[in-house]
Structures are given as C-alpha cells and as structure tokens.
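Student: Provide a 3D model corresponding to the input given below.
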Amino acid sequence: MPRGRGSSVSTHEKPNVDAAVDSDKDNSRHKRSAYLLLGLFILFLHGSWSVYRMQFASLPLPLGAEQAGKRGFSEASALKHVKYLTSLGPHPVGSDALDLAVQYVYAEAEKIKKTAHWDVDVQVELFHTDIGANRLAGGLFKGKTLLYSDLKHVILRIVPKYLPEAEENLILVSSHIDTVSTTEGAGDCSSCVGVMLELARGVAQWAHGFKSGVLFLFNTGEEEGLDGAHSFITQHHWRNSVRFAVDLEAMGISGKSTLFQGTHQWALESFAAVAKYPSAQIATQDVFRSGAIKSATDFQIYEEVAGLPGLDFAYTDTTSVYHTKNDKMELLKPGSLQHNGENMLAFLLHAASSPKFMKDAHQAKQESTEQKKAIFFDILGKYMVVYPQRLATMFHNSIIFQSLLIWGTSLLMGGRPGLMSFGISCLSIILTLIFSIFLPVVVAFALPHICPFPVPFVGNPWLVIGLFGSPALLGAFIGQHFGFILLKRHIQEVYSRTKPGLTGNTMDYIVGLEAERWIFKSGFVQWLIVLIVGTYLKVGASYIALIWLVSPAFAYGLMEATLTPVRSPKQLKVFTLVLALAVPVMSSAGLFIRLVDVMVGSIVRADRNPGGLPDWLGNVVVAVAIAIVVSFTFVYLLSYVHISGHQR
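Tutor: Take a look at the predicted model:
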C-alpha cells in the first residue's frame, strides 16, 4: 500500500518527462507480449493445481500387515474390516445387517483383547442403551428432540495394568457403525470403523507405557441424529472418566482425513507436533459451523453435551457420493486409510503417554472462550501452523491500522487527483465482482433450457471450470477493464494539467502505466476489506485475506515503490507479480480448489435428492461461488493485461 510510482501526481508537481517514455521506440520495447501474459496465466493455474495435488491428493503408500508389524498401522488390515462391513449392504438402525455389523466389530475387538501386550488391560463391552432423549442447542438438529432406545455399541477400553489412575483419565476415539438406508457406507463410516479397529490393535501393543487410557467407541444411531454418542456420554459408566474426545467421520469418501474442527490450542499443537502427514484447515470449520453444509458429527455431542475438548477429522473427497448408493469401497483411494491411521496412531501414542496432555485436558473447562480458540492450517500437507485467536486478532488489527495509515497518508499527499484515482480503482473492484458473477449466472440460468442434462457437472464436477470458471474470468476482465478506462480518462485529465509537455502517444502510454499501477493496488483494497470484515466477525480463515494483502503489498513496496517526489510511472515488473502471488498461491490455492470441490459435490448431492434444489438454483449457487473465487484471486493477474494491448 505504499504510494509508490503509481499514485496520481499532485497538481503542484512541475512538468517532468522521464527519459524512458520520451520515444515511441522505448514505449514499444516495454510493451508486454500476449505470450508473456499467457505464460503467466498458465504458471498461475499450473502452480495452483500443483499446490492442490500436493496438499490434498498426495497420499502415503499403504502398508501390509507384515510391513506395519505388531505396533504399526496397516491399511491392508483395515481394508479387510471395511470389505466385510460394506458386503452387508446398507445397515441402518433397526436392520438385521446392523446387528451383523455390530457382532463383527465385537468379535474383532475380542481378538484384539487376546493379542494385546501382556502388560495391558483390554476390556470389551457390548453396551445396550436405555431410553433417552437428545436435544441439541445448535447445528443441524437444533430445536429437535430425538428419542431413542435399545441402541447397541461396542466399547473397547485399553489401559496399562499397573496404573489405576489411567482408568480415570481416558481419551475417547469415536465413530459409528450404522449407515443411512441408501448406501453400504464405505466412506461414511465403514472406513472409520476399519481404521479404529486397526488403531486399537496397534495401541494395545503400546499401552503398557501410557499415563492415561484409550477408549474406542463404535456406536450406532449416529445417522438418526447423533443418538449413539449422546447415549454413551449420558448413560455409560465410563463416561465420567473421559477427558478428551477424537471423532472420526466422513463427508465424502477417501482422500486425506482432514482435521476440520478443534476446540483448544494445546490439543491442536499436540496433533501438529506428531502428525506424520498433517492435514488441517480452520476454513472448513468456519464453513461447517456456518450451516452451509447440512451435516453434523458426533463431535457436537462431545463438545456441547459433555463439554469435552477434542478434535474432529473427516474425509472430504468426492462429496457428491456422501449418503448415496455410490458410497462404495471401489472409490477408496490407496493410502487414504494409511494417512488417517498413521496420523491418529502417532497422536494417540503421544497424548496417552504425556502427563501434560491430560493435565491440559483437566484444565480445559476453566479456560475462557478466547483462550480456547486457535487458528490452524497446514502448508502443502507438510507442516501445520497453530497460533491463538487472540494473537491473530492483534496482528490483524495491527495490519489493518498500518494499511489505513499508509493509504490515508498516500491519499493526503496525492490530493484530490489521488483521491479520485483511489475511488475509481475501488469502483473497478466492484465492477470486477459484478461482471464476474453476472456472466456465469446467465450461463447457470440458460443451462436447464439448452442442455438435456440441466446439471451437467453431476457426472464430472470439473466441468464447472469451463461452464462457470471461463465466463467468470471473462466477466472479471470486462468489469476491471471498464474501471481501467475510467481511470485512464481521469489520469489523462490530471496529466494534461500537470505535464503539458506530454502529448499524443507518449501521454497515452504513461497514463496507461499509471492506471495499471492503480488497478494492481486495487487488489490491496479488496483484500483489506475482507480482512476487516473477517477480523470483526472473528472468522478463523481471515488469515487468507492477510496473506493475499500483505504479500503483494510487500512485493510492490520492495520492487516498485520510490520516495522520489517528481517521477514518471514505470511499467510494473513481471517479477513483482510472481513475487506477490508466490506465497498466496502456496498457502491457499489448494484450499480454494478443495472448498469449491466440496461445495459442488454438496450441490450435486442435493440436486439428486427428491424435492431437492431446482436445477437453476443449484447452478446459480455453484456459479456465484466460482465467480467470487475467480474475481478475488485473479485481481492482481488481470491488472497486467490492459497495458499489453495498447497500440501506439
């Protein structure tokens, strides 16, 4: 946000023509070619896709039983459990298939008990619930009272034999056996049950060195309204010994199991310290808790009813098959269960062996709301960042204050011409967003009338790139170009008064350069507004706006800004753009693609349901979401396009 060489000149400046713009030959030499712009565009798209692949699609190699050994995690062993459970077909509450599934899990738990380390105590229970009533204060089932009875859960408790206090300090690991009536539930949640059984086998070989115990809950009734978790946490005699909860879920099938909800900073830091393949995004927590995704997990019970600290994990690949007949084992990607299992095994071994972890869990209920909250996200699936919400708020406020101060000083120095240039550049942002939304929305309304398949991206979600992404990008350029034309006219009027020595093509050329700088800097304004709103609403994902604001501003200040009071504008360096976008793309491009993917999958699933969304509405929702992503992320790149087409 420095004033830089791109600010409109004050009326008090003396006429001065930089040598670099004196000749037509020099001007032509500095023009950007269409090939350069195409190269930058391809580099941006390829870089974004590479980040996505590395962050969300890179999975570890699955291990066999012999490779994992007695104490490791084997995906091959976990898949055997998934294969049996899915072979039963749909197994909702009340079905004979669910009884068979519960019996199978109970039998496997008994095998784990027999093969456990000799110094480890393993207890297995088949728990039948009494009649209960479940009423939640928020989420998908807010305001509903759900009655249940005679649910069956398999409970497996693993504690060291000669440490009685471990029995009173348990880490709960939970998932559900039951499915909805339309699917065999390979993803939701037989994959989780398979991972838990293999985890329990491994933990039973390590627990002799634990300071606390681990309780595996295989519940039923989750699909009926989270009744299984509620019945355990309100009725079972071990419930008062649970100090921490881990929930394993699926809102799709396969891929990485992502940490998408976490209650406390210390718990998040504990996971970050030991996870072999960290995958965590607070942005998904923001979206999930906003109600945009019509789903719920048992984690809500453990947090709201029991007041437990904890972590919630879920598979989010191929969201379109969630709760449909297509949730089949064939869609499980090799390495998915290995990713989940190795992360969870490392975390459980660390947490159960650490006296400090359980001490923090005991103190969790005494912490204030602000002390609990933390920002968390992973970088390229290799590193996980965790810091407190209070620090984030302080840092964001500092950046906001500095940005407003710099902008205010710059506009004050630029006088009325600078203020007008600023206003028009802000108008370009609005026009960019309006046109970026308008064109794909037109396509969204037209599709049901011109296409035999009104929602053609049902079969292939990536069709949305061509259907809505292309018109959104075209609209973003058109809107921004209108702002560019208005800005050029204003700057030309200013230059005609302050630099009368400039005429004709030379005037037009340097006016274009000046406008280009303002268009580039309008991106600062866009992301500053997002940062202000996000910080005010305490949105965890506001760190994304911070990165998209600070990194380009730093690159501009480093490569372009000058304190020279009398100067002519220079062409923005291509390296400035590359440096400006490197960190934002690396930190958030993959997340943007994933969120769009999840949103498209959710719309596809809703469209398939009887009485679901009208075709046009589903298309419009997808179109608007993609348009917003395009207009916000391409704002800096598009600023380099206008000057290239200038004809001398």
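Student: From now on I want contacts and neighbour counts done on CA atoms only, so please keep to that.
Tutor: OK.
Student: what comes up buried for stretch 410-421?
Tutor: Under the neighbour-count criterion of 16 or more other Cα atoms under 10 Å, stretch 410-421 has Ser410, Leu411, Met413, Gly414, Gly415, Pro417, Gly418, Leu419, Met420, Ser421 buried.
Student: meant to ask about stretch 36-46, not that
Tutor: Neighbour counts over stretch 36-46 (16+ other Cα under 10 Å) mark Leu37, Leu40, Phe44 as buried.
Student: just stretch 324-337 next, same as before
Tutor: Going by 16+ other Cα under 10 Å, stretch 324-337 has these buried residues: Thr324, Asn326, Asp327, Lys328, Met329, Leu331, Leu332, Lys333, Pro334, Gly335, Ser336, Leu337.
Student: The fourth one contacts Asp188, correct?
Tutor: No: with contacts defined as Cα atoms under 8 Å, Lys328 does not count as touching Asp188, sitting 9.7 Å away.
Student: re earlier: now go through the buried residues of stretch 36-46 and say which are in helices.
Tutor: Judged by DSSP state H, helices contain the following of the buried residues of stretch 36-46: Leu37, Leu40, Phe44.
Student: And the buried residues of stretch 410-421, which is closest to Ser33?
Tutor: Nearest to Ser33 among the buried residues of stretch 410-421: Ser421, at 26.6 Å, using Cα to Cα.
Student: What values do phi and psi take at the closest one?
Tutor: When read as degrees, to the nearest 10, the backbone of Ser421 gives phi -60, psi -40.
Student: My guess is it contacts Ile491. True?
Tutor: Yes: counting by Cα under 8 Å, Ser421 does reach Ile491; the two are 7.4 Å apart.
Student: my guess is Tyr315 contacts Glu249, does it?
Tutor: Yes: between Tyr315 and Glu249 there is a contact under Cα under 8 Å: 6.7 Å.
Student: For the residue sitting furthest away from the middle of the chain, which three-state class applies?
Tutor: For the chain, the residue at maximal distance from the C-alpha centroid (Cα atoms, centre = their mean) is Gly501, at 53.2 Å. Under the three-state scheme (DSSP: H, G, I helix; E, B strand; the rest coil), Gly501 adopts coil.
Student: And it, how far from Tyr495?
Tutor: Noted for Gly501: a distance of 9 Å to Tyr495, by Cα to Cα, to the nearest Å.
Student: looking at this structure, which helix or strand does the model trust least?
Tutor: When the helices and strands of the chain are scored by mean pLDDT, DSSP states H and E, helix 24-29 comes last with a mean of 50.
Student: coming back round to it: in the buried residues of stretch 36-46, which has the lowest confidence score?
Tutor: pLDDT is lowest at Leu37 among the buried residues of stretch 36-46; the value there is 87.
Student: For that one, give me its contacts.
Tutor: Residues in contact with Leu37 (Cα atoms under 8 Å, 6 or more residues apart in numbering) are Tyr640, Val641.
Student: Distance of it relative to Arg517?
Tutor: Leu37 sits 16 Å away from Arg517, going by Cα to Cα.
Student: again, but for Glu66
Tutor: Using Cα to Cα, Glu66 is found at 61 Å from Arg517.
Student: Mind checking which of the two has more residues around it?
Tutor: Neighbours around Glu66 and Arg517, counted as other Cα atoms under 10 Å, are more numerous at Arg517. The numbers are 24 against 11.
Student: Please give the element, helix or strand, for that one.
Tutor: Assigning secondary structure by DSSP states H and E places Arg517 in helix 504-536.
Student: For that helix, name the packing helices and strands.
Tutor: Under the contact criterion of 3 or more Cα pairs under 8 Å, 6 or more residues apart in numbering; DSSP states H and E, helix 504-536 touches helix 24-29, helix 389-450, helix 470-498, helix 542-559, helix 635-638.
Student: For those helices, please prepare CSV with the additional fields distance to Val624.
Tutor: Putting the helices and strands packed on helix 504-536 into CSV (distance: least, Cα to Cα, whole Å) gives the following:
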stretch, distance to Val624
helix 24-29, 39
helix 389-450, 6
helix 470-498, 9
helix 542-559, 19
helix 635-638, 16
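Student: wait, which of those is closest to Leu147?
Tutor: Judging the helices and strands packed on helix 504-536 by Cα to Cα, what sits closest to Leu147 is helix 389-450, at 37.5 Å.
Student: so what does the closest one touch, helix or strand wise?
Tutor: Counting contacts by 3+ Cα pairs under 8 Å, 6+ apart, helix 389-450 is packed against helix 369-372, strand 374-379, helix 470-498, helix 504-536, helix 615-633.
Student: looking at the ones you listed, which is closest to Ser33?
Tutor: Among the helices and strands packed on helix 389-450, the nearest to Ser33 by Cα to Cα is helix 504-536 (15.1 Å).
Student: what angle do that closest one and helix 470-498 make?
Tutor: For helix 504-536 against helix 470-498, the angle by axes from the mean of the first three to the mean of the last three Cα atoms, to 10 degrees is 120 degrees.
Student: For Gly601, give its distance to Thr506.
Tutor: Here Gly601 is placed at a distance of 52 Å from Thr506 (Cα to Cα).
Student: Compare neighbour counts for these two and give me the winner.
Tutor: Legend: neighbour count by other Cα under 10 Å for Gly601 and Thr506, higher for Gly601 (25 against 18).
Student: what separates the more buried one from Gly139, distance-wise?
Tutor: Counting by Cα to Cα, the separation of Gly601 from Gly139 is 20 Å.
Student: again, but for Glu222
Tutor: In this structure, Glu222 and Gly139 are 14 Å apart, going by Cα to Cα.
Student: Which one of those two is surrounded by more residues?
Tutor: Glu222 (22 against 16).
Student: What is the neighbour count of the closest residue to the more buried one other than its chain neighbours?
Tutor: The shortest distance from Glu222 to any non-neighbouring residue, by Cα to Cα, 6 or more residues apart in numbering, is to Gly228 (5.4 Å). Neighbour count of Gly228, defined by other Cα under 10 Å: 29.
Student: does Gly228 count as helix, strand or coil?
Tutor: State at Gly228, reduced to three classes by three-state DSSP: helix.
Student: where are the low-confidence patches of the stretch 251-400 of the chain?
Tutor: Across the stretch 251-400 of the chain, the ranges flagged by pLDDT under 70 are 368-370.
Student: just the stretch 401-550 of the chain next, same as before
Tutor: Scanning the stretch 401-550 of the chain for pLDDT under 70 picks out the ranges 454-455, 458-459, 502.
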